[in-house]
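Peer 1: pasting the sequence and the predicted coordinates here, then a few questions.
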Amino acid sequence: MAKELTSMKENYSQWYNDLVVKADLAENSAVRGCMVIKPYGYAIWEKMQAELDRMFKETGHVNAYFPLFIPKSFFSKEADHVEGFAKECAVVTHYRLKNAPDGKGVVVDPAAKLEEELIVRPTSETIIWNTYKNWIQSWRDLPILCNQWANVVRWEMRTRLFLRTAEFLWQEGHTAHATKQEAIDETFKMVNVYASFAENFMAMPVIKGHKSANERFAGALDTLCIEALMQDGKTLQAGTSHFLGQNFAKAFDVKFADKEGKLEYVWATSWGVSTRLMGALVMAHSDDNGLVLPPKLAPFQVVIVPIYKKDDQLKGISEKVAEIEKQLKAEGISVKYDDSDAKKPGWKFAEYELKGVPVRLAIGPRDLENGTVEVARRDTLTKEVVNIEGIEKYVAGLLEKIQDGIYQKALDFRDKHITSVDTWDEFKDVLANKGGFISAHWDDSPETEQKIKDETKATIRCIPFDAVEEKGKCIYSGKPSNKRVLFGIAY
RNA sequence: CGGGGUAUAGCACAGUCCGGUUAGUGUGCCUGCUUUGGGAGCAGGAGGUCGCAGGUUCGAAUCCUGCUACCCCGACCA
């Protein structure tokens, strides 16, 4: 009644928008294309950050911070890079306002024009490589393994909460290496970190692979990615890791003396994931009742709702709940006890389902008498009555089951939506009627990929690492091919 | 950036075509009482520069012009 969701079936994209707003994850702001991430949504992002940050540090990386503004001239130093980003850059041209002549508000002071315009970073390769130049002289200075948590701006035409906003939050790793192989190894290492995070924490299966030349990052020699499948059959790039070769080292003249004293250009990588992962998380698991959050990322894993008629009943329940809370917390489980009298239990049940809290405990007078508690799990919407004795172990086990259960469910869905096709008619049919990933032969040419995109909107999502050598004919051109790649309609 | 739509109370909407009492309805909010195992009931109450800026008119939520934001569909992109 209070918060009705559009159903997924009726209108998937409306369902997503409703859910993000009604579950209190984010909302549109007064600024075009920019969102406000609300506390409940930000709590999930913080959990993602905390785990990713831990994984980065475990793999030898350190955090640093580089400027938001990038001198325009830096941008043009790497040709592919500037071409890739030029169309979506916000530019700072002035540094001062003054009172409007007519006394109404303020205007830009034309006298305060910047000598050189500043670009609001859409990504930081240029400012970082300009900096690394000063940090690197010898092979002893390498590798540099920096990450930064930051906001970036890409002036998008059409925006959607979390999936595509003009400003978004992300992390960008930027590493410098003495050898090509070391940089390539780093690129693979980080895409594996992303895949492990997606699967173990987001409970979202992903496919690791290479991007085709058309989809490659502007300025990279190779882009590795993790690709996920959403419940509407569209695919979503969830993370990327780029082997940049010596492109940026050459553009910014970053050389080091190797062990023989010879000057060599440095090898580079960059890699990132963004708040887009929030969108992926929503679309991977949620249903018509609201969010379904994996226990490892839920702001709180358990909510306890008291059921009572009179205040003295509530007192007795609250005493029992205090014990349960203590036991759960001792197991490392996060708990919220909602004893507010403002809402009825039924309202709370619906609200916490909408917000995706993995486990709900309800305790009433009947339970106090019997020494039991009602346990409801969000993913399956099932309920059972359990003894309070040993509840902490029971809930701990249940949270693991849920984490595993939603992963398995997403994996089954994903695997059912990878379709091998060998004819162009079949390709178009599967794309239009089933969606998901289409595994097909491709002749390796950008022209063919572009033609397929023009005709069907489908692009090559990735060339999977585990693609098997197999003789075949390109789905479109009929030319020879030696492995299948994955096509799909992307977010 | 092109095509279409929308903007009125915290939220969802009616009223706009055809200008004219004090701008309504639902929900939410506040107070009180009764309620509480799946989105409670009754009674009373507060809450509006009708997106912004101009214009037409005795009079504008309503007509005209410009602007802004959001949604949907395309092109672009993580």
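Peer 2: Thanks, I have it.

Peer 1: so who does the residue most central in space within chain A touch?
Peer 2: When C-alpha atoms, centre = their mean is applied to chain A, the residue found nearest the centroid is A:L277 (1.6 Å). Shown in contact with A:L277 (C-beta atoms under 8 Å, 6 or more residues apart in numbering): A:M48, A:A198, A:M202, A:A238, A:G239. Yep, even glycine has a C-beta here, placed from its N, CA and C like the rest.

Peer 1: repeat for A:M48
Peer 2: Going by C-beta under 8 Å, 6+ apart, A:M48 touches A:F197, A:F201, A:M202, A:L277, A:M278, A:L297.

Peer 1: domain assignment for chain A?
Peer 2: A:25-285, A:302-399, A:418-488 (automatic domain parsing).

Peer 1: among those, which comes closest to A:D412?
Peer 2: Closest to A:D412 of the domains of chain A is domain A:25-285 (C-beta to C-beta; 9.3 Å).

Peer 1: residues contacting the helix or strand encompassing A:E186, please?
Peer 2: Assessed by DSSP states H and E, A:E186 sits inside helix A:180-200. Residues outside helix A:180-200 that contact it (C-beta under 8 Å, 6+ apart) are A:48, A:51-52, A:55-56, A:59, A:143, A:145, A:173, A:175, A:177, A:204-206, A:208, A:222, A:224-226, A:228, A:238-245, A:267-269, A:271, A:273, A:277, A:280, A:296, A:407.

Peer 1: buried subset of the residues you listed as a ChimeraX selection?
Peer 2: For the buried members of the contacts of helix A:180-200, the matching ChimeraX selection, counting by 16 or more other C-beta atoms under 10 Å, is:
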select /A:48,51,52,55,56,143,145,173,175,177,204,205,206,208,222,224,225,226,228,238,239,240,241,242,243,244,245,267,268,269,271,273,277,280,296,407
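
Peer 1: take the contacts of helix A:180-200 and keep only those in helices.
Peer 2: The members of those that map onto helices under DSSP state H are A:M48, A:E51, A:L52, A:M55, A:F56, A:L277, A:A280, A:Y407.

Peer 1: just give the nearest non-adjacent residue to the last one, would you?
Peer 2: Nearest residue to A:Y407 in three dimensions, chain neighbours excluded: A:A203, at 3.9 Å (C-beta to C-beta, 6 or more residues apart in numbering).

Peer 1: wait, doesn't the one you found sit right on A:K401?
Peer 2: No. Checked against C-beta atoms under 8 Å, the pair A:A203 and A:K401 is beyond contact range at 11.7 Å.

Peer 1: so between these two, which is more surrounded?
Peer 2: Using other C-beta atoms under 10 Å, the more surrounded residue of A:A203 and A:K401 is A:A203, with 27 against 15.

Peer 1: against RNA strand B, how distant is the more buried one?
Peer 2: Taking C-beta to the nearest atom of the strand, to the nearest Å as the measure, A:A203 falls 21 Å from RNA strand B.

Peer 1: ok, now A:Y132?
Peer 2: Distance of A:Y132 to RNA strand B, computed by C-beta to the nearest atom of the strand: 23 Å.

Peer 1: can you list the contacts of A:L277 in a markdown table and add distance to A:S477 and pLDDT?
Peer 2: Formatted as a markdown table, the contacts of A:L277 follow (distance: C-beta to C-beta, whole Å; pLDDT from 0 to 100):
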| residue | distance to A:S477 | pLDDT |
| --- | --- | --- |
| A:M48 | 41 | 98 |
| A:A198 | 33 | 98 |
| A:M202 | 37 | 98 |
| A:A238 | 30 | 95 |
| A:G239 | 31 | 96 |
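
Peer 1: and these as a markdown table, adding distance to A:E78?
Peer 2: Below are those laid out as a markdown table (distance: C-beta to C-beta, whole Å):
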| residue | distance to A:E78 |
| --- | --- |
| A:M48 | 30 |
| A:A198 | 29 |
| A:M202 | 33 |
| A:A238 | 26 |
| A:G239 | 22 |
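
Peer 1: worst-scoring helix or strand of chain A, pLDDT-wise?
Peer 2: The helix or strand of chain A with the lowest confidence, counting by mean pLDDT, DSSP states H and E, is strand A:106-108 at a mean of 78.

Peer 1: is it up against RNA strand B anywhere?
Peer 2: No. Strand A:106-108 lies out of reach of RNA strand B by C-beta under 7 Å from any atom of the strand, never closer than 14.4 Å.

Peer 1: so how far is A:A183 from the residue nearest to the centre of chain A?
Peer 2: Distance, A:L277 to A:A183, by C-beta to C-beta, to the nearest Å: 25 Å.

Peer 1: same thing with A:Y42?
Peer 2: Relative to A:A183, A:Y42 is positioned 34 Å away (C-beta to C-beta).

Peer 1: who does A:E264 form a beta bridge with?
Peer 2: A:F256 (DSSP bridges).

Peer 1: kindly report the same for the one 5 residues further on.
Peer 2: Per DSSP bridges, residues listed as beta-bridge partners of A:T269: A:T175, A:F243.

Peer 1: ok so, going back, closest one of the ones in helices among the contacts of helix A:180-200 to A:K77?
Peer 2: Closest approach between the ones in helices among the contacts of helix A:180-200 and A:K77, by C-beta to C-beta: A:F56, at 27.3 Å.

Peer 1: can you pull the contacts of that closest one?
Peer 2: Contacts of A:F56 were listed using C-beta under 8 Å, 6+ apart, and they are A:N63, A:N147, A:Q171, A:G173, A:V193.

Peer 1: the residue of the stretch 351-491 of chain A found nearest RNA strand B: neighbouring residues, count only.
Peer 2: Nearest residue of the stretch 351-491 of chain A to RNA strand B: A:G364, at 2.4 Å (C-beta to the nearest atom of the strand). Neighbour count for A:G364, taken as other C-beta under 10 Å: 18.

Peer 1: what about the closest residue in space to it that isn't next to it in sequence, neighbour count?
Peer 2: Nearest non-adjacent residue to A:G364, counting by C-beta to C-beta, 6+ apart: A:I307, 3.4 Å away. By other C-beta under 10 Å, the residues close to A:I307 number 18.

Peer 1: show me what contacts A:I307?
Peer 2: Listed by C-beta under 8 Å, 6+ apart, the contact set of A:I307 reads A:I317, A:P345, A:A362, A:I363, A:G364, A:P365.

Peer 1: farthest-separated two in those residues?
Peer 2: Using C-beta to C-beta, these span at most 12.6 Å, a distance reached by A:P345 and A:P365.

Peer 1: picking that back up, partner strands of the least confident helix or strand of chain A, parallel or antiparallel?
Peer 2: Counting by DSSP bridges, strand A:106-108 is paired with strand A:97-99 (antiparallel).

Peer 1: hmm, back to that, contacting residues around the least confident helix or strand of chain A?
Peer 2: In this structure, residues lying in contact with strand A:106-108 by C-beta under 8 Å, 6+ apart are A:H94, A:R96, A:L97, A:K98, A:N99, A:A100, A:P101.

Peer 1: quick one: contacts of the next helix or strand after that strand?
Peer 2: Sequence order places strand A:113-120 as the next helix or strand after strand A:106-108, per DSSP H and E. With C-beta under 8 Å, 6+ apart as the test, strand A:113-120 has contacts from A:68-75, A:89-95, A:152-153.

Peer 1: sounds good, over and out.
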